[in-house]
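**Q** build me a model from this:
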Amino acid sequence: MAEHTDQNSAAARQIARLKRPLGLRRLFSWLLFMAVLGAFLGLPGAASLRATWLPFLANPAQEAKVVAARPDPDKAPDYIEPSAAKAWQLSDQQGHEYPPPTVAGLDRVWNPGPLSAAHAPWAQDCKICHSTPFKRVQDVDCLGCHKLIHAHVDPVRVEVPALEVRCATCHQEHRGSFALAEQNRHAVGKDCAACHGEIRSHFPQTRTEPVSDFADAHPEFRVQIREGLDKKALQRVRLPSKGELKEPTTLKFPHDVHLKRSGVRGPGGKQHLKCADCHAPDADGVGFQPVTMAAHCQSCHALKMEPALSNREVPHGPVSAVLDTLREFYVFVTTTGAVPSEPGPLTDTVIVRRPGESRTPRVFATAAGDAHSRASASATELFEKTACVVCHEVTRIAGKGKSGTPGADLPQWKIAAIPPAHSFMPKALFEHRAHSIASCDTCHAARKSAHAEEVLMPGIETCRDCHGGSAPAPDKVRSDCGLCHGFHWPGTTVHAAAQGTPERGAQ
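**A** Take a look at the predicted model:
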C-alpha cells in the first residue's frame with residue numbers, strides 16, 4: 001500500500017513540473033534554434049550573397065558577362081558532333097570571371113565538395129544544375145547541355161529495368177576536379193557482368209556473347225571490316241581462332257617486304273624501316289595520323305617521268321592530271337629539243353624489278369616520234385610497269401579522256417579507288433599512347449604479312465599476356481569492363497527515347 005502511494009506521489013510531482021511555466025527554457029530553446037539556423041543557413045547565405053550578388057550590384061556589366069556564359073539548354077550546340085562548326089568544349093566557357101569562394105569558406109557546411117573541372121565555371125551558380133530548390137539534380141538538367149548523350153541500348157528493342165537509372169547514379173558530382181567520365185571507368189565491372197553474364201536472357205537476338213570477366217569469361221574480339229569492295233556498310237565479325245581475317249582492298253602493300261630485317265632498297269642505299277616511319281601517333285595518342293604518298297612513300301617510290309634525265313615527277317592524283325603533265329612535258333621537249341633544266345643534281349631512283357629481271361630506266365625524251373607518241377609511251381611505262389601498278393589495280397580503258405584537257409588524246413587508264421580507312425574496334429576504348437612501352441610487333445604480326453587485305457588486329461590471347469580480369473593477378477594489369485568499354489554508345493539518344501521516337505543506330 002505504501003509503495004502504491006509513493007508511485008502516485010512521483011507521478012503527481014512529474015505532472016506538476018510539466019504544468020509549471022517554461023520561463024527561460026523557451027527563450028533558451030529559441031536562442032539555440034536561431035544560433036543553429038544562423039550558423040548553418042544565415043551566415044553561409046550572407047557570405048554567398050556577398051560573394052555573388054553584391055559585386056554585380058556595383059558592376060552590372062559583370063553580371064551580364066556571367067549570365068551570358070551560362071549554358072542555355074535551348075541554344076547549347078551539339079558539342080559531341082565531330083564537325084568543327086559545332087565543336088563546343090566546356091573548357092571554352094571558362095574564360096569568364098566567376099565569383100571567388102565565400103568568406104572563410106562558410107558555405108562548406110552545405111556544399112558537399114568541389115565540382116569537376118568541366119563544371120567549375122558554374123561553381124557559384126547552383127541553379128544551373130539544381131533547377132528546383134531542395135530537390136536533387138534531375139536528368140533533364142544534365143541533358144540541357146549534354147544533348148546528344150545516348151542510351152546504353154535501344155530501350156524500344158531491349159527492356160532492361162536495371163538500366164533505368166539517373167545520370168547521377170553513376171556521374172556523382174562534388175567529388176573533386178577529376179573528370180566524371182574518368183571516375184566511372186574505374187568504378188564499373190560487377191554491375192556490367194550482372195547483365196552481360198546472361199545477356200541472352202535480356203536480349204535473345206543479340207550477337208554479343210555472354211561475358212563476366214576478361215581473364216577467363218570473355219569471348220574472342222569482334223572487329224569491324226568491309227565484307228566487299230562494293231559494299232559501303234561495315235560489319236563486325238569475330239576474329240577466327242586459326243588463320244587470318246581478310247578485308248578486301250585494292251591496295252597492294254606487303255608489310256613483310258618493307259619490314260625485312262635485312263633492309264629494303266632506297267635512293268640512298270639500304271634502309272631499315274620501322275613501323276614508326278609510316279605510322280605517327282595523332283595529337284591525342286589514341287590512333288595514328290593518315291599515311292600519305294608524299295610524306296611516307298614517295299621518297300622511295302618516285303613518280304619520275306624521265307628518271308635517267310630529270311627529277312620531274314607526275315602528280316599523285318587523278319589520271320587526267322598525270323596525263324596532262326606528261327603531254328605538256330613532252331610538247332616542251334619536242335619543241336625545244338631539251339629536257340627542262342633542274343636546280344639540283346639528278347637523284348637516284350629505285351627501279352622496281354621482277355625477280356631475275358635486269359632493267360634500266362627507259363628514256364622517252366630522245367626516242368623517235370612526236371610529242372604524242374613520247375607521252376603515250378611514258379604513260380604506259382608509268383601506269384603499267386614502274387609506278388602506279390606497283391601499289392594500285394590499274395586497268396586500261398577505251399576512249400578519250402576529259403574533254404578540253406591536254407592529255408585527252410592519250411591512252412586512258414582507270415585506277416581502282418582505295419576504300420577509306422575505318423576503325424577496326426569501334427566498341428572499345430584503346431589508346432596506343434598507353435601501350436607505347438611495347439613494340440608494335442608485340443601485338444601486330446606485320447613482319448609476316450604479305451598482303452594488304454590481311455587484318456592485323458590482335459586476338460584476345462595477345463591482350464591477356466598483360467591484362468588480367470577484375471581480380472588482381474601477378475604481373476597483370478587489373479582490367480575491369482570500364483577499362484576498355486564505355487556505357488553510352490551511338491544509337492538511340494536519351495532525348496529521343498524519352499519522346500518515344502528512337503533514332504535507330506548500330507547496336
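**Q** contacts, neighbours, all on C-alpha from now
**A** Noted.
**Q** what about Val455, neighbour count?
**A** 20 (other Cα atoms under 10 Å).
**Q** setting aside sequence neighbours, what's the nearest residue to Leu263?
**A** Heads up, residue 263 is Gly, not Leu. In space, Gly263 comes closest to His272 once its chain neighbours are excluded; the distance is 4.4 Å by Cα to Cα, 6 or more residues apart in numbering.
**Q** what sits against that neighbour?
**A** Leu259, Lys260, Arg261, Ser262, Gly263, Val264 (Cα atoms under 8 Å, 6 or more residues apart in numbering).
**Q** then Lys232?
**A** Contacts of Lys232 (Cα under 8 Å, 6+ apart): Arg226.
**Q** which residues of the stretch 301-450 of the chain fall in strands?
**A** Applying DSSP state E, counting those that start in this stretch to the stretch 301-450 of the chain gives strands spanning 394-397, 412-415.
**Q** mind checking pLDDT for the closest residue to Leu326 other than its chain neighbours?
**A** In space, and not counting its chain neighbours, Leu326 is closest to Ala375: 5.6 Å by Cα to Cα, 6+ apart. In this model, Ala375 is scored at 95, pLDDT.
**Q** burial check on Ala375, number of neighbours?
**A** Applying other Cα under 10 Å, we find 27 other residues in the vicinity of Ala375.
**Q** reduced to three states, what does the residue nearest the centre of the chain come out as?
**A** The structure's the chain has its C-alpha centroid closest to Val286; by Cα atoms, centre = their mean the separation is 7.2 Å. Val286 falls in the coil class when you classify it by DSSP: H, G, I helix; E, B strand; the rest coil.
**Q** quick one, phi/psi of the nearest residue to Phe203 once chain neighbours are set aside?
**A** Computed as Cα to Cα, 6+ apart, the closest residue to Phe203 that is not its neighbour in sequence is Val158, at 6.2 Å. When quoted as degrees, to the nearest 10, the phi and psi of Val158 stand at phi -130, psi 120.
**Q** likewise for Thr208?
**A** Torsion angles, degrees, to the nearest 10, at Thr208: phi -80, psi 130.
**Q** which pLDDT value goes with it?
**A** Looking at Thr208, the pLDDT reads 87.
**Q** spit out the contact partners of it.
**A** By Cα under 8 Å, 6+ apart, Thr208 lies in contact with Ile199.
**Q** distance check, it against Glu198.
**A** Taking Cα to Cα, to the nearest Å as the measure, Thr208 falls 10 Å from Glu198.
**Q** next one: Gln412
**A** 59 Å.
**Q** and those two? which has more neighbours close in?
**A** Gln412 (22 against 15).
**Q** OK, contacts around that one?
**A** Contacts of Gln412 (Cα under 8 Å, 6+ apart): Val319, Arg396, Ile397, Ala398, Gly399, Lys400, Gly401.
**Q** what's the closest of those to Arg13?
**A** Val319 (112.4 Å; Cα to Cα).
**Q** so that closest one touches Ala416, yeah?
**A** No - the criterion here is Cα atoms under 8 Å, and Val319 misses it with Ala416 at 11.0 Å.
**Q** residues shared between the contacts of these two?
**A** Common contacts of Val319 and Ala416, defined by Cα under 8 Å, 6+ apart, are absent altogether.
**Q** helix or strand right after the helix or strand Ile15 falls within?
**A** Assigned by DSSP states H and E, Ile15 falls within helix 2-19. Counting by DSSP H and E, the element after helix 2-19 in chain order, helix or strand, is helix 24-37.
**Q** what about that following helix, average pLDDT?
**A** Helix 24-37 comes out at a mean pLDDT of 85.
**Q** got it, and stretch 302-315?
**A** Confidence for stretch 302-315, expressed as mean pLDDT, is 92.
**Q** can you check stretch 480-493 too?
**A** In this model, stretch 480-493 carries a mean pLDDT of 76.
**Q** quick check: pLDDT value at the nearest residue to Ala215 once chain neighbours are set aside.
**A** In space, and not counting its chain neighbours, Ala215 is closest to Gly469: 4.3 Å by Cα to Cα, 6+ apart. At Gly469, the model reports a pLDDT of 91.
**Q** kind regards, and thank you for your time.
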